[in-house]
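J.: Here is the input, now give the coordinates:
(chains A and B)
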Amino acid sequence: MSTGAEKINDLKAAILAIEWEITDEVMDNLTRTIEPLKEQWAGKKPLLVCLQVIGTLGQYIKKAREKAHPDAIKLLPDVFATLETVITDESMDDGRKIVLVRTAVDKYNKLKTQLAKRRKEPGRESQPVAAVKKTGVEAPSGAGQGGSTIRDLMEQKEDQAVDGAFNTIFQEMVSDDRAPAAAPAPPAMPSVGGVAGPDAKEVVLARVDDEEFPEADSLLDDFFADDGLAFSITEAKAEKETHAAETVEVDLGQIEVKKEKAAEPTPPVERMEEEEITVDKLARIIQNMKYGISATLLKQLAEEIASLRNQHPDHYSVSLFMEVIGAVGRHLVSHGDVAVDLSRNMLQTVYDRLAHSLFTMQPQKNLLASHLETVHDYGKWHEQVVAELAERAAAEPKRELSAEMEETVKLIVRREVDELRKELLEVIEKNKIAEES
Amino acid sequence: MGFINVKKKEVQIKIVYYGPGRGGKTTNLDYINKKYKQRIKTEMVSIKTHGDRTLFFDFLPVDIGKIHGFDIKIQLYTVPGQVKYNATRKLVLKGVDGIVFVADLQKERRDSNLKSLEQMKENLLSHNKDAFKIPLVLQYNKIDLQNQGIPLLTVEEMEQDLNQELRVPYFVGSALAGDNVVETLKKIISMTLISFRKELQ
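T.: Reported below is the predicted structural model:
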């Protein structure tokens, strides 16, 4: 697959736009960007499947609007990230690409299953699962197991069959939201569990203004006391080395806390450093720049970037973000009145990605995508800045000296020349005298 | 409503941080999580968009210890602040025992504070809860911005806008710097536990 990443930039922009606003215009734009790609990638099944999923999710979100399952909105960029990886990673073999696409499609199927469950709840319309069977692509033994449906779809030879099946799935998803308003099923909230159960009793809590509970206050004072909070990096490292790592996997609204195998005795430098970096100060500086850019703030920005770089010289995931923030900061120092809003937004966007990569995302999956987006945004920012600088230079009137100024300059030059001549003559005179003596 | 399991001697309480978008709800939880990481011992769960906004909710479980032999388990949640996610806010409020309303001190955010508070009252009503009865603490956040010359509302104006009728405890703080973040949390837990007092004795 030699299709270049540049060809999906429009699609990426259309998907990012959905995160902020769901309007007909935004959703139609998504559909418009998909169509030419379908033609372009005819015969490339993994790419087409990704496009189908994106298109179907887009139609569902457009139809359901604010009632759309939050995971549908979350799944869109995930599927896009898969598509982007499949396109851009030329070293990846076809087998690996298919595995990646299948993983994305499995997520889609999980979402579909969740929506189907909601539909089956009392008060909702009867489910049109039979409609899926009519397409003839549902796995015979896998009804209700969404994953097999799409795997079968991928193996279908006729693209038409794929279209039909997805459309059916879409109808199924939308029909869920056409059902009469019933209490929505609460999404799986994370819970430490253990308290609610057959022995649990619910207590309706009411505000009590005039009472105190010294035991509770004492317990809170103890728990939240500052003393002994070394909060140290060394301890954190030691703990990482000796205890099993605990990761939180968030997938389609269902949150599982998984115990992984014990960490390796020497964890990679990357991982350790990512957990130690604090970018609060950087956040504050960038936030304050929104309200006005001053020399002090720019100095603080430069110092903070230098400090973070010194502290974490080899930090793979941070360095790119620092480079870009540094470049934008340097631009503001040298041209504080050119593309100011654009630059401020750029700083905030890059910071957001940095913080996101440090604290929330699973770096191995999403960091590359985040870096690529940053590089892409930096390119656009740079182009805009260069264009504005050129525009400004062109608009500036050519400076010509007035006749009076010109005369003044001539006088100054003449006086300087006269003085130089006088000095020169004095030197020559001195030399003559020296030679004669 | 809170849960008490007399057999297992456990109490579970749900606290929700509510407020307008970009107000500092997640930053409150981040601060608590980072500062007390070694005591909390569990992970904070966040579901965010690419722009680092809370898409669904943040969740941080904290076991603070025992009172009269009962393990006190606190579950801290935030709601997504963006206007379009009201359905999610409603869901997160289900079963809430105590609320921290994080308001933004910036003048330009005055309307957002008011709208968010009104919506919170409506959302609580949909769960048969009353903002005037549920344990509630207000936090007037971002006081650190006053040093940057950013126009802020005065505490009196915030009180006039948000707390004239509610008459609940409030804290002026900075979630980013950690000012009054812990105090706010301690207050809401304390208020909630007072409601449990009879059950625990």
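J.: Looking at chain B, which strand is longest?
T.: Secondary structure of chain B per DSSP state E: the longest strand is strand B:54-67.
J.: Walk me through which strands the following helix or strand past that one pairs with, and which way each runs.
T.: On the C-terminal side of strand B:54-67, the nearest following helix or strand under DSSP states H and E is strand B:70-78. Partner strands for strand B:70-78, per DSSP bridges, with pairing direction: strand B:10-18 (parallel), strand B:54-67 (antiparallel).
J.: what ranges do the strands span in the chain?
T.: Since no chain was named, I'll use chain A. Along chain A, the segments classed as strands by DSSP E run A:200-203, A:244-251, A:254-262.
J.: wrong chain, I was asking about chain B
T.: Ranges of strands in chain B, per DSSP E, are B:2-5, B:10-18, B:45-48, B:54-67, B:70-78, B:98-104, B:136-141, B:170-173.
J.: would JSON lines of these with mean neighbour count be doable?
T.: Just so you know, the C-beta spots here come from the backbone N, C-alpha and C atoms, and that holds for glycine as well. Shown next, in JSON lines, are these (neighbours: other Cβ atoms under 10 Å in any protein chain shown):
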{"stretch": "strand B:2-5", "mean neighbour count": "22"}
{"stretch": "strand B:10-18", "mean neighbour count": "26"}
{"stretch": "strand B:45-48", "mean neighbour count": "21"}
{"stretch": "strand B:54-67", "mean neighbour count": "21"}
{"stretch": "strand B:70-78", "mean neighbour count": "23"}
{"stretch": "strand B:98-104", "mean neighbour count": "27"}
{"stretch": "strand B:136-141", "mean neighbour count": "26"}
{"stretch": "strand B:170-173", "mean neighbour count": "21"}
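J.: Make a markdown table out of those and add mean pLDDT and distance to B:Gln164.
T.: Formatted as a markdown table, the entries for the strands of chain B read as follows, by pLDDT from 0 to 100; distance: least, Cβ to Cβ, whole Å:
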| stretch | mean pLDDT | distance to B:Gln164 |
| --- | --- | --- |
| strand B:2-5 | 76 | 28 |
| strand B:10-18 | 92 | 18 |
| strand B:45-48 | 66 | 34 |
| strand B:54-67 | 79 | 29 |
| strand B:70-78 | 90 | 25 |
| strand B:98-104 | 96 | 13 |
| strand B:136-141 | 97 | 11 |
| strand B:170-173 | 96 | 12 |
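J.: got these as TSV, with distance to A:His312 columns?
T.: Written out in TSV, the entries for the strands of chain B read as follows (distance: least, Cβ to Cβ, whole Å):
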stretch	distance to A:His312
strand B:2-5	43
strand B:10-18	31
strand B:45-48	22
strand B:54-67	26
strand B:70-78	28
strand B:98-104	31
strand B:136-141	29
strand B:170-173	30
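J.: Tell me which of those sits nearest to A:Val328.
T.: Nearest to A:Val328, of all the strands of chain B, is strand B:45-48, at 22.9 Å by Cβ to Cβ.
J.: Compute the distance from the centre of the longest strand of chain B to the centre of its chain.
T.: Centre-to-centre, strand B:54-67 and its host chain are 11 Å apart (Cα atoms, centre = their mean, to the nearest Å).
J.: Using PDB, write down the CA coordinates of that strand.
T.: Listed in PDB are the C-alpha atoms of strand B:54-67, where the atom choice follows Å, rounded to 0.1, in the frame of the first residue of the first chain:
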ATOM      1  CA  THR B  54     -12.900  15.200  29.800                       C
ATOM      2  CA  LEU B  55     -15.100  13.200  27.500                       C
ATOM      3  CA  PHE B  56     -16.900  11.000  29.900                       C
ATOM      4  CA  PHE B  57     -15.600  11.300  33.400                       C
ATOM      5  CA  ASP B  58     -12.600  11.100  35.700                       C
ATOM      6  CA  PHE B  59     -12.700   8.600  38.500                       C
ATOM      7  CA  LEU B  60     -10.500   8.300  41.500                       C
ATOM      8  CA  PRO B  61     -11.200   5.800  44.300                       C
ATOM      9  CA  VAL B  62      -9.800   6.700  47.700                       C
ATOM     10  CA  ASP B  63      -9.900   4.600  50.900                       C
ATOM     11  CA  ILE B  64      -9.300   7.000  53.700                       C
ATOM     12  CA  GLY B  65      -9.400   4.600  56.700                       C
ATOM     13  CA  LYS B  66     -11.800   3.400  59.400                       C
ATOM     14  CA  ILE B  67     -14.300   5.100  61.600                       C
END
